[in-house]
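Peer 1: what would the 3D arrangement of this be:
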Amino acid sequence: MGQPQKYEEISTQILRLARQHRREGASFDVFWSTCVDAHPMATTATPRNGHGQVIWPRDTAVRQYEQAIVASCKAGWKRAYERWPVTGREQALQLLAAKGLLVPSVSAVVAAPTRKPPRPRPVHREAVLELLADAPDGLTRPEISERLDLPVYTARSALRRLRERGEAECLADGRQSRWRATG
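Peer 2: Residues are numbered from 1 along each chain as shown. I've put the predicted structure just below:
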C-alpha cells in the first residue's frame, strides 16, 4: 500500500478555488454552492476526490468542526471575494494568525471525536496589546474599540487584564485616559 495522499488545508483549497472562479467570472454564490456547499460532499475517502470542490477530512467530528468554522466565516469570504474593504476585526485576526497566536485548523490536529474542539486563545487581548505597541503616545478606549472593531466593554476588559499582567498602563489625561503598552 502506498503513502496516504496529502491534502491542502481547507482555507488554502477555498482560496485556490475562489481565485479560479473569480477568473471565470462566477458570482460568489455560484462559487460557494459549487465548491464549499457541494452535494455530494467530497472527502479524503471520495474516489476522484471531488474535482473542483473542497476536499473535507474523512473523520466525521473533524469534518463537522471544519465545516462549522468555514460556515461561520462565509461573510468574510464573501467580502474578500467581492474585494470589499477589510474590517478592523479581520485585520486583527490576520495579524494574530501571522504571529502564530491562533489555534491551528483542526484538520492539522488529532482530535478525539468525543472531545470538544480546542478553544481559541483570547485574541482580543493580544490584538489590543499589538495595537498599543504601535501607538507610543497611547490610545483611548474608544479609539481602541473603533480601530479593532470591538465593543467598548470588550476593549475595557482586555485593557484591565493587560494592566493586571503588567503589559499595559493607564495614563490619566484629562477627560479620557490613554493606554499604552509597558514593554
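
Peer 1: pretty sure Glu146 sits in a helix.
Peer 2: Yes: assessed by DSSP: H, G, I helix; E, B strand; the rest coil, Glu146 belongs to a helix.

Peer 1: and the nearest residue to it once chain neighbours are set aside, how far from Leu131?
Peer 2: The shortest distance from Glu146 to any non-neighbouring residue, by Cβ to Cβ, 6 or more residues apart in numbering, is to Gly88 (7.4 Å). Where C-beta positions appear, they are placed from N, C-alpha and C, glycine not excepted. In this view, Gly88 and Leu131 are 9 Å apart by Cβ to Cβ, to the nearest Å.

Peer 1: still on that earlier bit, and for the residue nearest to Glu146, the neighbour number?
Peer 2: Here the number of neighbours of Gly88 (other Cβ atoms under 10 Å) works out to 16.

Peer 1: that one contacts Glu143, correct?
Peer 2: No: with contact defined as Cβ atoms under 8 Å, Gly88 does not count as touching Glu143 (11.2 Å).

Peer 1: give me the distance between Ser157 and Arg141.
Peer 2: 11 Å.

Peer 1: touching, Trp77 and Trp32? I think so.
Peer 2: Yes: if you go by Cβ under 8 Å, Trp77 and Trp32 touch, sitting 7.5 Å apart.
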